[in-house]
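All I have is the shape, not the residue letters:
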Ligand code: NAP
Ligand code: SF4
């Protein structure tokens, strides 16, 4: 008897049956654009082997003007059909099912040829769109239908028509972007004509036994978005027009409310999808921040949806469903919703992968094969770099001993997990603990090893991490000056007014930690909704609270300082930096840049500005926290070198400047793949 009876129940669609209620949601990975179709096929086949019920590909353009980027993958030619057939064949051979997402980006298309219902530029694209005329609209419909027909020819089990997230079809639905006065604009009946026409003609073209998923925006989170009644009306019309399944989308890309970041509570929008249950008779899928089988099961058991969509969690662990089926939920590598190797890569023009699982999207290139020669491997440091090396080496059959001077594994992850909005790091450390135990890695905690301890191993890996950089500010040895480690790890008391020195990732984290008291909004949905101004869409159009964000009062008065003149937080994640900046702004943080740190004394922190050290200022903070970056901790590596023992130095011990868990885990895994 499974503990996930709802999640693992089959879903009968009449002409075909999905083996469980887990959909792998569409993600733009950049794989299709590599034109290496074997690699694309392996990515999806690996997830099919992992038993996911149905997969949706990344968005495929129906034509040039609708493609997200120039050069993005399209489905328009016989050659496209042949390439995609490689994918569908491999997925079917692995026992899976796959639908192709047809994505027309409308005014979100990053190119000068983009088209839209009205010529209104989007705030997230530099290109003003051309308003379509009647003939132009007709062309878009027939191109979308043609892409669906070709997808069927390529062997897909269905298509997903992207109608949410503020893309083309969504742009027709709302007056925010549709100012037309013809039969495609004005009344709601006119504005929804395009999506319905697209579904109706697609069904006509593909016949009855082909899945059509319509991705519908449940809550737009932008001004002048749809009302809830309009959403329900559209869902019912889409069903009548021939859709097999309704998948739900949350928020437009231009919305200033986070919808999938790690600080968003788990399953934060399932209650919105629930409002559609019983209003249509086709299955309804819910999505966003569902990252464990327990959360998925709860969402289904409480009647929020018929199926759950997980996208990023399928990067973190391709075998999510297979492990749930085997009762091995604790062994599922958790997606921590950091976006660091997936969305940040996508928006940076890089191939997607996963911070937790560097094999994601590299299935054909980074393979952990059984080692021909089994070795003894010593790894010093049980942070992300050491842990990932240890697990990958153990998978390959090596005998691994993992040392750490601390009495717990996780290294800096243990500090990250203290920060409100970063609770997912608890799960990541728990997962490492489970995996280390199951892999029978010999774990030596509370042990500060010396070079002498490391003789006799075939391979020695130094992953000793970093130490805080000394900013050498006169007076920094006073009792009211703390390091970020004192605050996050040792929980030393901090006064009501604080100056944070250094505005990198850790300066932001420490500020968020100090600004907050009580239950984290990430673990309390009503507080989180108030904080970001999310309302019930049945009461307020588009789900926007009329009074806007209403954050809790800050627990402390924080001044965040940096020497650079540029805006604070420029180096934070591409897709998440704005959230950290907005959070601190909401909590009235005083951002001060371009400073020189002169001294700390009884008066407070003395600053001056510019090269001429002008405008002396005192920040009268009760506590000063040093977050001035880190330096590599290489002392053990140096001792080994002096003794002529060769070793591999990885993670922060290798390069502190760009220390982050993504680089550390990738480097560790790749090293172990080569022993
Ligand atoms: P960091 O990003 O390098 O930032 C260090 C900060 O200290 C900068 O603001 C720098 O700005 C300042 N600084 C550097 N040298 C200084 C000196 N001698 N005196 C005074 N200030 C100095 O390092 P971090 O904040 O420790 O974070 C380390 C890494 O952890 C990051 O690179 C990131 O990859 C990862 N991380 C990321 C996040 C996140 O994205 N949310 C959170 C935590 C950690 P100025 O030189 O302008 O003063
Ligand atoms: Fe999840 Fe982060 Fe991996 Fe993206 S990079 S899939 S958000 S863990």
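Yes, it's here. The structure presented is a predicted model; accordingly, all values stated were derived computationally and were not measured. Ligands and ions are numbered 1, 2, ... in the order given.

Tell me where the model's unsure across this structure.
Along the chain, the parts satisfying pLDDT under 70 run over 658-659.

how about the residues of it that lie near ligand 2?
Within reach of ligand 2 by Cβ under 6 Å from any ligand atom, the chain has these residues: 312, 315-316, 335-342, 354-356. For every residue, glycine as well, the C-beta is placed using N, CA and C.

Where neighbours are concerned, which of these has the most?
When neighbours are counted by other Cβ atoms under 10 Å, residue 335 leads the residues of the chain next to ligand 2 with 30 neighbours.

That residue is in contact with residue 318, isn't it?
No: distance between residue 335 and residue 318: 11.8 Å, which falls outside the contact criterion (Cβ atoms under 8 Å).

isn't residue 634 right up against residue 463?
No: Residue 634 lies out of contact with residue 463 (Cβ under 8 Å); the separation is 11.1 Å.

Have a look at the two and say which one is more surrounded.
For residue 634 versus residue 463, neighbours defined as other Cβ under 10 Å are more numerous around residue 463 (32 against 19).

do you know how far the more buried one is from ligand 2?
For residue 463, the distance to ligand 2 equals 20 Å [Cβ to the nearest ligand atom, to the nearest Å].

dump the residue contacts of that residue.
379-383, 385-386, 389, 650-651, 653, 664, 668 (Cβ atoms under 8 Å, 6 or more residues apart in numbering).

Tell me who's in contact with residue 536.
By Cβ under 8 Å, 6+ apart, the contact set of residue 536 is residue 543.

For it, which three-state class applies?
coil (DSSP: H, G, I helix; E, B strand; the rest coil).

repeat for the one 3 residues further on
Under the three-state scheme (three-state DSSP), the conformation of residue 539 reads as coil.

To what extent is it buried, counted in neighbours?
Applying other Cβ under 10 Å, we find 11 residues neighbouring residue 539.

Give me the distance between it and residue 552.
22 Å (Cβ to Cβ, to the nearest Å).

re the thing from before, between residue 634 and residue 463, which contacts overlap?
residue 653.

and this structure, what are its domains?
Listed by automatic domain parsing, the domain ranges of the chain are 11-347, 376-468+631-672, 481-516+552-628.

circling back: can the residues of the chain next to ligand 2 go into CSV with extra columns for distance to residue 245 and secondary structure?
Output for those, formatted as CSV (distance: Cβ to Cβ, whole Å; DSSP: H, G, I helix; E, B strand; the rest coil):
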residue, distance to residue 245, secondary structure
312, 21, helix
315, 22, helix
316, 24, helix
335, 23, coil
336, 28, coil
337, 25, coil
338, 29, coil
339, 27, coil
340, 31, coil
341, 29, coil
342, 24, coil
354, 26, coil
355, 30, coil
356, 29, coil
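
wait, which of those is closest to residue 73?
Of all the residues of the chain next to ligand 2, residue 73 sits closest to residue 342, with 17.4 Å by Cβ to Cβ.

From residue 19, how far off is the closest residue to that closest one other than its chain neighbours?
Spatially, and ignoring its direct neighbours in sequence, residue 342 is nearest to residue 352 (4.9 Å; Cβ to Cβ, 6 or more residues apart in numbering). Distance of residue 352 to residue 19, computed by Cβ to Cβ: 26 Å.

Looking at the two, which one has more neighbours?
Between residue 352 and residue 19, counted using other Cβ under 10 Å, the more crowded position is residue 352 (22 against 18).

What strand or helix carries that one?
Under DSSP states H and E, no helix or strand contains residue 352.

now what about stretch 434-454, what contacts it?
Contact with stretch 434-454 is made by 330-331, 378, 380, 382, 387, 390-391, 394-395, 399-409, 460, 636, 639-640, 642-643, 645, 647, as judged by Cβ under 8 Å, 6+ apart.

cool, stretch 198-209 as well?
Residues from elsewhere that reach stretch 198-209, judged by Cβ under 8 Å, 6+ apart: 15-16, 141-142, 144-146, 148-149, 152, 159, 161, 169, 212, 214, 238, 241-243.

Kindly give a single ChimeraX line that selects the buried subset of these.
The ChimeraX command for the buried members of the contacts of stretch 198-209 (criterion: 16 or more other Cβ atoms under 10 Å) is given here:
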select :141,144,145,146,148,149,152,159,161,169,212,214,238,241,242,243
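
from the contacts of stretch 198-209, which ones fall inside strands?
Secondary structure from DSSP state E places 159, 161, 212, 214 of the contacts of stretch 198-209 in strands.

give the contact list for the last one.
What that stands for is residue 214. Applying Cβ under 8 Å, 6+ apart, the residues near residue 214 are 160, 161, 163, 195, 199, 238, 243, 245, 246, 247.

From residue 279, how far off is the residue lying closest to it once chain neighbours are set aside?
Of all residues not flanking residue 214 in the chain, residue 243 sits nearest, at 4.3 Å (Cβ to Cβ, 6+ apart). Residue 243 is 14 Å from residue 279, where distance means Cβ to Cβ.

Specify the beta-bridge partners of the closest residue to ligand 2 within the stretch 101-250 of the chain.
Of the stretch 101-250 of the chain, the residue with the smallest distance to ligand 2, taken as Cβ to the nearest ligand atom, is residue 250 at 15.9 Å. When bridges are called by DSSP bridges, residue 250 pairs up with residue 219.

and it, how far is that from residue 331?
Taken as Cβ to Cβ, the span from residue 250 to residue 331 is 29 Å.

Wait, residue 300 touches residue 11, no?
No: in this structure, residue 300 is not within contact of residue 11 by Cβ under 8 Å, at 10.6 Å.

who's more crowded, the two?
Neighbour count, other Cβ under 10 Å: between residue 300 and residue 11, residue 300 has more, with 24 against 19.

So the more buried one lies in a helix, does it not?
Yes: using three-state DSSP, the assignment for residue 300 is a helix.

ok, and the closest non-adjacent residue to it?
Nearest one to residue 300, counting by Cβ to Cβ, 6+ apart, is residue 6 at 3.8 Å.

residue in the stretch 301-450 of the chain nearest to ligand 1?
For the stretch 301-450 of the chain, Cβ to the nearest ligand atom, closest residue to ligand 1: residue 416, 6.3 Å.

Number of residues surrounding that residue?
Residue crowding around residue 416 was assessed by other Cβ under 10 Å; the count is 25.

what's the neighbour count on the residue of the stretch 51-200 of the chain found nearest ligand 1?
As assessed by Cβ to the nearest ligand atom, ligand 1 sits closest to residue 124 within the stretch 51-200 of the chain, at 20.7 Å. A count of nearby residues for residue 124, using other Cβ under 10 Å, gives 12.

what about it, helix or strand, and which?
Residue-wise, residue 124 maps onto no helix or strand under DSSP H and E.

Spit out the contact partners of it.
Residues near residue 124 by Cβ under 8 Å, 6+ apart: 108, 253, 254.

Could you measure from the residue of the stretch 101-250 of the chain closest to ligand 2 over to residue 309?
10 Å.

hmm, back to that, just checking, the residue nearest to residue 214 touches residue 210?
No: using Cβ under 8 Å, residue 243 is not in contact with residue 210; the gap is 11.3 Å.

Would you mind giving the secondary structure of residue 460?
Quick answer, by three-state DSSP: residue 460 is strand.
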